[in-house]
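Enquirer: with the sequence up front, the predicted model follows.
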Amino acid sequence: MSPTNNCDNEKLPAQHKNSWLSFIKSIATFKGDLSSVTAPPFLLSPQSIVEYSAYWAEHPTLFVAPAHEDDAQRRALCVLKWFLSTLKQQHSNKDENGQKKKMKPLNPFLGELFLGKWEDEAGTTELVSEQVSHHPPATAFNLWNDEHGVRLQGHIAPKVYFSGTVNIDRKGYGVMHIDKYDEDHLVTMPKVHVEGLMTGSLQPELSGVSYIRSSSGFTTKIEYSSKGWLSGKRNSFTAKVYHDDNEKEPIYLAEGVWSDTYTIKECKGSKLTETVDVSTYSRPPLQVAPVEHQHPLESRRAWKHVVEAIHKGDIFAVGHHKSKIENEQRDLRKVEKGEGREFPRRYFTRAKEDPTAEKLAEGLKGTSMKGEMDGHHMIWLWDEEKYQRIQENSRNGIKSPTHARFDSGVSGMHIMDTNSREATA
């Protein structure tokens, strides 16, 4: 049984029912992107959306596995297995300890960062995630393992709207590059909708179709389905791996429950090749610098007081500290607008096009990377020059000109000489 099924009978605490019903009424009549709507404090997760990029590599051995498969079609299968492994914790309404999650993550502020690394048998896998846009929201990410020559870069720009329930349409994409084969894999995002709104027992479900397409000529089409009124299982999917020239004759078929178990078959002869139980995957700890050593823009330092209040269940303190950060951000935007300048992104740079993603997207049915990328009028690419400059300055003991006058997250944050070379350090 899928672990997400155990939550079906969990209801909203009585003391929050009135606030919850008022919130549901407000979003049901709201026109536009719901990401700008303030959720009741009791719904808030102690985690910012900018941290979600870590789900891409929480199983580092699967992340680097494609680099050790010489056969291109089996590499495509390895990439599929890696991708499916990223879904469970990201979309489950329970954490790894079986405790019910609070389902509304914190909205990142412009420039918010999340940096970390994993160290295990796969070596060192590193992560940089940055909130590159606030209105509309967009998070850019870069994950890499130099020892195995694998990296994943991209950005996600979610649009949240109400249509019968809360829906999340995730624009954007990721591109995995494997050095050994000079091979790229374009990864598109499935849509999400939230079930259980009326009871307060929230359950994210994936829907629609997503794709993985490789520069070696193989495509994976993943179709998602959810539990119906009378039948079906939560978190179900069917995935077909096929050569670009022959979609009607798939090579591999994977189907089952992405949060539990699924099977992989070779379509020729219907040979069962593997049964995958995602609960058996190891999850090495993500290493993050202690809060006191983090840059003021780093997520866990910036939201420290909010997170502490969430853990204490102090909804008044949550609202106070959260509003303080949000108001300071609004003031910063006004200052920047008045001075005719833009907040400098630390690790990523806006681009007019992404030729790699465009080329890979050609031919995908019902998918246009132009539409995916231009839907939020922005493409964000990793800037290696910025990253190396920051690393060099760090080794030389040069501090960033971005600093906080008070050690309370982004309180009093100040940007100095944004036109200087060090403005991105």
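Expert: In hand now; what should we look at?

Enquirer: when you work out contacts or count neighbours from here on, use the C-alpha atoms and nothing else.
Expert: Fine.

Enquirer: break down the stretch 1-150 of the chain into its strands, ranges please.
Expert: Read by DSSP state E, counting those that start in this stretch, the stretch 1-150 of the chain holds these strands, from start to end of the chain: 44-48, 104-106, 113-120, 123-133, 138-145, 150-162.

Enquirer: please identify the most buried of those.
Expert: Per-stretch averages of neighbours, counted by mean count of other C-alpha atoms under 10 Å, single out strand 138-145 among the strands of the stretch 1-150 of the chain, with a mean of 26.

Enquirer: give the pairing partners of that strand; include direction for each.
Expert: Based on DSSP bridges, the pairing partners of strand 138-145 within the sheet are strand 123-133 (antiparallel), strand 150-162 (antiparallel).

Enquirer: can you pull the pLDDT of the closest residue to Ala122 other than its chain neighbours?
Expert: Across the structure, with C-alpha to C-alpha, 6 or more residues apart in numbering as the measure, the residue nearest Ala122 apart from its sequence neighbours is Thr61 (5.4 Å). Per-residue confidence at Thr61 stands at 98 (pLDDT).

Enquirer: right, and Thr61 touches Thr124 too?
Expert: No. With contact defined as C-alpha atoms under 8 Å, Thr61 and Thr124 do not form a contacting pair (10.5 Å).

Enquirer: which residues of the stretch 51-200 of the chain score low on pLDDT?
Expert: Low-confidence segments of the stretch 51-200 of the chain, defined by pLDDT under 70, span residues 198-200.

Enquirer: now do the SS call for the spatially closest residue to Val209 that is not a sequence neighbour.
Expert: In space, and not counting its chain neighbours, Val209 is closest to Glu223: 4.6 Å by C-alpha to C-alpha, 6+ apart. Using DSSP: H, G, I helix; E, B strand; the rest coil, the secondary structure recorded for Glu223 is strand.

Enquirer: before we move on, the earlier item: for the strands paired with strand 138-145, give me a markdown table that also has distance to Glu69.
Expert: Converted to a markdown table, those look like this (distance: least, C-alpha to C-alpha, whole Å):
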| stretch | distance to Glu69 |
| --- | --- |
| strand 123-133 | 18 |
| strand 150-162 | 13 |
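
Enquirer: which strand residues bridge the residue nearest to Val209?
Expert: Under DSSP bridges, the beta-bridge partners of Glu223 are Val209, Thr238.

Enquirer: now for it, how many residues are close by?
Expert: A count of nearby residues for Glu223, using other C-alpha atoms under 10 Å, gives 18.

Enquirer: residue contacts, it?
Expert: Contacts for Glu223 were tallied using C-alpha atoms under 8 Å, 6 or more residues apart in numbering; they are Ser207, Gly208, Val209, Ser210, Phe237, Thr238, Ala239.

Enquirer: same check on Asp383?
Expert: For Asp383, the contacting residues are Tyr347, Phe348, Thr349, by C-alpha under 8 Å, 6+ apart.

Enquirer: now, the residues you listed that are in strands?
Expert: With strands taken from DSSP state E, the overlap with these comprises Phe348, Thr349.

Enquirer: neighbour-wise, give me the winner out of the contacts of Asp383.
Expert: Ranked by neighbour count under the definition other C-alpha under 10 Å, these are headed by Tyr347 with 27 neighbours.

Enquirer: need phi/psi at that one.
Expert: In this entry, Tyr347 is assigned phi and psi values of phi -120, psi -10 (degrees, to the nearest 10).

Enquirer: Lys334 too?
Expert: Dihedral angles of Lys334 (phi, psi; degrees, to the nearest 10) stand at phi -60, psi -40.

Enquirer: go on, the one 3 residues further on?
Expert: Dihedral angles of Lys337 (phi, psi; degrees, to the nearest 10) stand at phi -60, psi -40.

Enquirer: then stretch 76-93 to CSV, C-alphas only?
Expert: This file holds the C-alpha atoms of stretch 76-93, laid out as CSV (Å, rounded to 0.1, in the frame of the first residue of the first chain):
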residue,chain,number,x,y,z
ALA,A,76,17.1,6.5,-21.2
LEU,A,77,15.6,4.0,-18.8
CYS,A,78,18.1,4.9,-16.1
VAL,A,79,17.1,8.6,-16.5
LEU,A,80,13.5,7.6,-16.1
LYS,A,81,14.2,5.6,-12.9
TRP,A,82,16.1,8.6,-11.5
PHE,A,83,13.2,11.0,-12.4
LEU,A,84,10.6,8.7,-10.7
SER,A,85,12.7,8.6,-7.6
THR,A,86,12.4,12.4,-7.2
LEU,A,87,8.6,12.3,-6.9
LYS,A,88,7.8,10.6,-3.6
GLN,A,89,9.1,12.9,-1.0
GLN,A,90,8.5,16.0,-3.1
HIS,A,91,4.7,15.3,-3.4
SER,A,92,3.9,13.2,-0.4
ASN,A,93,1.8,14.7,2.4
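
Enquirer: for the stretch 251-400 of the chain, just list every one of the strands.
Expert: Under DSSP E, counting those that start in this stretch, the stretch 251-400 of the chain gives strands at 252-257, 261-266, 271-277, 348-351, 379-382.

Enquirer: just send those strands back as a markdown table, with mean pLDDT too.
Expert: Putting these into a markdown table (pLDDT from 0 to 100) gives the following:
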| stretch | mean pLDDT |
| --- | --- |
| strand 252-257 | 97 |
| strand 261-266 | 97 |
| strand 271-277 | 93 |
| strand 348-351 | 96 |
| strand 379-382 | 95 |
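
Enquirer: now those in TSV, with distance to Glu292?
Expert: Supplementary listing: the strands of the stretch 251-400 of the chain in TSV, determined by distance: least, C-alpha to C-alpha, whole Å:
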stretch	distance to Glu292
strand 252-257	41
strand 261-266	41
strand 271-277	39
strand 348-351	25
strand 379-382	27
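
Enquirer: right, I'll leave it there.
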